[in-house]
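# I'd like to go over a predicted model; first the sequence, then the structure.
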Amino acid sequence: MTKKAKVYLNHDGGVDDLVSLFMLLQMDNVEVTGVSVIPADGYLEPATDASRKIIDRFSTYPVEVAKSNSRGKNPFPSDWRIHSYFVDALPILNESGMMEAPLSELPAHKHIIETLNNTEEKTVLLFTGPLTDLSRALEEAPEIEEKIQRLVWMGGTFENGNVQEPEHDGTAEWNVYWDPEAAHQIWQTGIEIDLVALESTNKVPLTPAVRNLWAKDRNYEGVDFLGNCYAGVPPLVYSETNSTYYLWDVLTTAAVGREDLVTRKVVHCSVIPDGPSQGRTVIDPNGKPVNLVYDTDPDAFFAYLVELAKRAAP
Ligand code: AGV
Ligand code: CA
């Protein structure tokens with residue numbers, strides 16, 4: 001048997017962040033070494049509680065959760081952040097009335113340092129929100145760079161951005177925009193990055209057809225959980241709006257469990273740290289080489305998602 005990859009997840013409490021945690025826990029080729037929650041696209045308390053309840057309900061092994069005390073430069077709209085309360089309140093996560101997954105006393109960035117140091121092998125860092133905690137961890141303990149196998153990040157785009165905010169030109173992706181300086185900082189390191197950009201996540205929108213697929217299999221507890229999570233967010237029907245939901249983080253997470261689901265190419269790029277294009281990732285011959293994940297096979301991806309969800313609680 002091949003060895004399980006050690007994966008540490010830092011997420012920011014959106015619906016797809018929490019579904020990502022759920023999926024990661026079902027992968028037989030992955031061991032989750034720790035989880036931390038940053039209050040970017042969600043609120044800290046419900047996102048942390050929901051994470052612990054997902055571990056309680058759907059993990060076969062113990063996983064510790066840590067809260068971040070990081071704050072971003074450009075806050076997410078509260079209309080989006082509020083979704084973390086919805087997932088936390090789902091009956092399936094509250095049936096036992098308990099919350100047993102251990103909560104670390106350390107803030108997320110210190111929890112990252114501790115977990116990497118306590119893990120013998122190199123760790124795959126999976127970030128489905130901004131990079132603030134990683135940037136703070138490296139500032140405090142630069143030596144942990146050697147314990148990182150690679151960073152798989154949902155972030156960035158070289159096409160249209162998804163930030164529609166005053167004083168911004170719309171070229172950035174939100175996870176970069178929330179803390180552009182953190183991303184800029186990580187681009188100065190030697191860490192290998194798989195950048196799951198909007199180019200690929202645009203191919204996996206939430207649609208009524210996808211919802212129907214999950215509804216058909218709702219007799220599986222895990223698939224019912226998926227359907228319920230995504231019942232709280234708007235699908236793509238006629239044309240995209242500012243609130244249309246994609247499976248951004250879930251595709252990113254799937255790319256960890258099944259590398260063949262996505263297509264990569266190396267691009268040299270940098271991050272704009274301030275001004276009207278802050279958070280934009282740009283092609284730059286003198287920039288950092290990253291593995292840009294720009295394409296996927298949506299059918300294979302959705303099939304993998306359902307396969308994992310069925311495994312959770314048949
Ligand atoms: O830009 C995508 C990132 C992903 O990590 N997040 C959502 C995913 O968790 C921000 C975001 C962009 N558009 C959104 C977002 C929307 N319409 N609703 C909620 N979050
Ligand atoms: Ca996210």
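Arrived safely, thanks for sending. Predicted model, so just to flag it, every value in this text is computed and none were measured. Ligands and ions are numbered 1, 2, ... in the order given.
# Remind me which helix or strand the closest residue to ligand 2 within the stretch 201-314 of the chain belongs to.
Taking Cβ to the ion, ligand 2 has its nearest neighbour within the stretch 201-314 of the chain at residue 249, 4.8 Å off. (C-beta placed from N, C-alpha, C; glycine too.) Assigned by DSSP states H and E, residue 249 belongs to helix 248-257.
# quick check: mean pLDDT across that helix?
Helix 248-257 shows a mean pLDDT of 98.
# before we move on, back to that, pretty sure the residue of the stretch 201-314 of the chain closest to ligand 2 is in contact with residue 17, am I right?
Yes: taking Cβ atoms under 8 Å as the definition, residue 249 is a contact partner of residue 17 at 5.2 Å.
# Mutual contacts of those two, please.
Residues within reach of residue 249 and of residue 17 at once, by Cβ atoms under 8 Å, 6 or more residues apart in numbering, are 11, 128.
# Any residues of the chain in contact with ligand 1? List them.
Counting by Cβ under 6 Å from any ligand atom, the residues of the chain close to ligand 1 are 14, 16-17, 41, 80, 128-129, 154, 162, 173-175, 243-245, 248-249.
# rerun at 5 Å
Residues of the chain lying close to ligand 1 (Cβ under 5 Å from any ligand atom) are 14, 16, 41, 80, 154, 162, 174, 243, 248, 249.
# And these, which two are furthest apart?
Greatest spacing in the residues of the chain next to ligand 1, by Cβ to Cβ: 154 and 243 (17.7 Å).
# ok, these two, which is more surrounded?
Between residue 154 and residue 243, residue 154 has the larger neighbour count (other Cβ atoms under 10 Å), namely 31 against 10.
# how many neighbours does the closest residue to that one other than its chain neighbours have?
Nearest non-adjacent residue to residue 154, counting by Cβ to Cβ, 6 or more residues apart in numbering: residue 252, 4.0 Å away. The number of residues packed near residue 252 is 27, by other Cβ under 10 Å.
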